[in-house]
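# what follows is a predicted structure for the sequence shown.
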Amino acid sequence: MRIIQLTILIILLGLTGRSQQLSQITFAGASSLSWFSFKTDQDILIRISDDGKVLEWGTELMSERSNNYYSPKLQPYLGRVTYYGTEADSMSRGKLKSVGTCVFTYFGAYEMDEKRGKLKSVGHINLDYCTRFDNLALKGKLKSIGTTTLEYYSMFESDAVKGKLKSVGGTVISYNSVFDDKLIQGKIKSIGSVAYNWGTSRDIKYAGALRSGSYRQNINGIVYILQ
């Protein structure tokens, strides 16, 4: 009997571990961070901003003409969605409580200003934010997602990179500098070991467009999307 119970417990823990995960990171203009996306056990994508706001939830719609292109806007989730009521902490009232089986929690009124009212967890994944003691210029931005640490370029860096996402765990993100062609300044140059080659103003056919690399690339288990 104990063996059976232990087996069931291991299976349940395994399912819980897969219930939510950081699935995607999306950049606008191949440069500035748009949102982080979590995938639930029901394959629902939850998009949140870098300052802890839930932006959108639903499922991706793939183009019939290309298996690597998806509509930027999610298809609405038609299942159960709930919100915190008057019985909740003042920082949670009226905010999103659950989408399907994925439950959200928020930092309470007793927390530091930089965390108060922000999204605290997505399912079993805890979130943390930069405070004035980390970096005054970056306070309020996501600092970690579960065990994954996020880093940002200093505000003292050049205009092409300052304040931008620098790394996700061990995956480093680099950008073209202010010394590069004006059409590619600030655009992503590499994510981990994956390089991105952009057409310059001298390239009539690919001016400003991606010459090599993919707008949607799985790198170290996370799909990075350039829009």
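That came through fine.

# need the pLDDT of the closest residue to Asp181 other than its chain neighbours.
Leaving aside its sequence neighbours, Asp181 sits nearest to Thr200 (CB to CB, 6 or more residues apart in numbering; 3.8 Å). To be clear about C-beta, it is placed using only N, CA and C from the backbone, and glycine gets the same treatment. We have a pLDDT of 95 for Thr200.

# isn't Thr200 right up against Lys187?
No - using CB atoms under 8 Å, Thr200 is not in contact with Lys187; the gap is 10.8 Å.

# pLDDT wise, what is the residue nearest the centre of the chain at?
Geometric centre of the chain, nearest residue: Phe36, 1.4 Å, by CA atoms, centre = their mean. For Phe36, the pLDDT comes out at 98.

# re the thing from before, which one of Thr200 and Lys187 has more residues nearby?
Lys187 (20 against 16; other CB atoms under 10 Å).

# isn't that one up against Trp198?
Yes - with contact defined as CB under 8 Å, Lys187 counts as touching Trp198 (5.6 Å).

# who are the contact partners of Leu138?
The contact partners of Leu138, taken as CB atoms under 8 Å, 6 or more residues apart in numbering, are Cys130, Tyr152, Met155, Gly163.

# can you get me a residue count around the third one?
By other CB under 10 Å, the residues close to Met155 number 11.

# the first one now?
Taking other CB under 10 Å as the neighbour definition, Cys130 ends up with a count of 23.

# so it touches Ala137, yeah?
No - using CB under 8 Å, Cys130 is not in contact with Ala137, being 9.0 Å away.

# can you tell me what sits against stretch 139-158?
Applying CB under 8 Å, 6+ apart, the set of residues contacting stretch 139-158 is 22, 36, 50-52, 114, 118, 125-132, 134-135, 137-138, 161-169, 177-178.

# next step: those restricted to strands.
The strands, defined by DSSP state E, take in Leu22, Phe36, Ile125, Asn126, Leu127, Asp128, Tyr129, Leu165, Lys166, Ser167, Val168 from the contacts of stretch 139-158.
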